[in-house]
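[1] next input, structure requested:
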Amino acid sequence: MQQHEIHRFLERYFHANGCELKASGDGYMTVQLTIEMDKELMNRPFYWHYLEKTGGEPNPMALNLITDQEKAPEGLNGEVIHFGSPRLHQIFRSTRSLAGYTRLYENRAGFGQQQIPLHPWLGMNVKISYQSNRKKDTFRSIGLNLINGMMKEGFHDELLTLKLTPKIPDLCFTLTPIIRPKSGIGRIQQQLRDEISRESTEWAESALASWKEDRELLDHFYKEVEDKPESYFLEQAALKDQYEPKIEIEIINGGIFYLQQ
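    Next up is the predicted model:
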């Protein structure tokens, strides 16, 4: 995700959850949270518990977010948001819990009274985590046409350019999917697995080599001990957790999108 993509994602996230954007310019935004979103993001359980007990007037917080330090106004105080920042990952988790699935329709001017067909697409935003003694996360957004099976990369960015509505627009009709959404999810996951299988495994080989060295060092320390103590096996398990290469594919959110093409 580039910084301008993060900015647009945050705008859509807060708008979808009823928050007022008091300001939104190049590289920054100021967001007035609702009560629900303050509870979701700001980790103030004792404050809200106290208000509920006393009947006090709620005062949800405002967030100043900086999405591009080079473009934001000089001297602006706020949270710097980038791809690996804790706040952005918190919002990703929130997106999954608040709106894991959606159904939207493209709303675009037609031609007179002509009926407009809308094609069904499955859209999925996915996080791929490469885990060993180092960790790397990548995010992919893929669209799958549920009639002809065509896949598109960067599907989320394409959706940002469209006017979407939760109700089917007038003079539009939806085409019936040939591919079931469950099958479509499987197709996308298999496509990602196939791509991952063709990637370099140097990172995993390096982790396995380091794991082997540390296991040999551990065995050297305990080589004179015939009955290995519990600490030996705990350290073995800790080394496995630290070094064992793993790749996880996690669906962040997704939906069915009926589009004019």
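[2] give me the contacts around the helix or strand hosting residue 173.
    Here residue 173 sits within strand 172-174, counting by DSSP states H and E. The contact list for strand 172-174 (Cβ atoms under 8 Å, 6 or more residues apart in numbering) reads 105, 110, 115-118, 120, 168, 258. C-beta here means a position set from N, CA and C on the backbone, and glycine is covered the same way.
[3] tell me which strands that strand pairs with, and in which orientation.
    Within its sheet, strand 172-174 is paired with strand 116-131 (parallel), according to DSSP bridges.
[4] check which residues of the strand it pairs with are buried.
    Within strand 116-131, the residues scored as buried using 16 or more other Cβ atoms under 10 Å are 118-128, 130-131.
[5] closest to residue 214 among these?
    residue 131 (16.8 Å; Cβ to Cβ).
[6] okay, and the beta partners of the closest one?
    With DSSP bridges as the rule, residue 131 is bridged to residue 135, residue 246.
[7] if we can go back for a sec, same list (the buried residues of strand 116-131) but as TSV, adding pLDDT.
    Listed next are those as TSV, based on pLDDT from 0 to 100:
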residue	pLDDT
118	93
119	95
120	95
121	96
122	95
123	93
124	91
125	89
126	90
127	88
128	91
130	93
131	92
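[8] which one of those residues is nearest to residue 183?
    Nearest to residue 183 among the buried residues of strand 116-131 is residue 122, at 9.4 Å by Cβ to Cβ.
[9] wait, isn't the closest one in contact with residue 256?
    Yes. Between residue 122 and residue 256 there is a contact at 6.2 Å, judged by Cβ atoms under 8 Å.
[10] which residues do the two both contact?
    Common neighbours of residue 122 and residue 256 (Cβ under 8 Å, 6+ apart) are 146, 181.
[11] quick one, strands of the stretch 151-261 of the chain?
    Per DSSP state E, counting those that start in this stretch, the stretch 151-261 of the chain carries strands over the ranges 151-153, 164-165, 172-174, 246-259.
[12] report the buried residues of stretch 25-44.
    Across stretch 25-44, burial judged by 16+ other Cβ under 10 Å covers 27-31, 33-34, 37-41.
[13] check stretch 221-240 too.
    235-236, 239.
[14] average pLDDT across stretch 87-101?
    Across stretch 87-101, pLDDT averages out at 77.
[15] then the top helix by length along the chain to PDB, C-alphas only?
    Identified as the longest helix of the chain according to DSSP state H is helix 202-221. Provided in PDB are the C-alpha atoms of helix 202-221 (Å, rounded to 0.1, in the frame of the first residue of the first chain):
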ATOM      1  CA  GLU A 202      16.000 -18.000   0.400                       C
ATOM      2  CA  TRP A 203      14.400 -16.400   3.400                       C
ATOM      3  CA  ALA A 204      13.100 -19.900   4.700                       C
ATOM      4  CA  GLU A 205      16.500 -21.600   4.000                       C
ATOM      5  CA  SER A 206      18.300 -18.900   5.900                       C
ATOM      6  CA  ALA A 207      15.900 -19.300   8.900                       C
ATOM      7  CA  LEU A 208      16.300 -23.100   8.800                       C
ATOM      8  CA  ALA A 209      20.100 -22.800   8.800                       C
ATOM      9  CA  SER A 210      20.000 -20.400  11.800                       C
ATOM     10  CA  TRP A 211      17.600 -22.800  13.600                       C
ATOM     11  CA  LYS A 212      20.000 -25.700  13.000                       C
ATOM     12  CA  GLU A 213      23.000 -23.700  14.400                       C
ATOM     13  CA  ASP A 214      21.000 -22.700  17.600                       C
ATOM     14  CA  ARG A 215      19.800 -26.300  18.100                       C
ATOM     15  CA  GLU A 216      23.400 -27.600  17.900                       C
ATOM     16  CA  LEU A 217      24.500 -24.900  20.400                       C
ATOM     17  CA  LEU A 218      21.700 -25.900  22.700                       C
ATOM     18  CA  ASP A 219      22.600 -29.600  22.400                       C
ATOM     19  CA  HIS A 220      26.200 -28.700  23.200                       C
ATOM     20  CA  PHE A 221      25.300 -27.000  26.500                       C
END
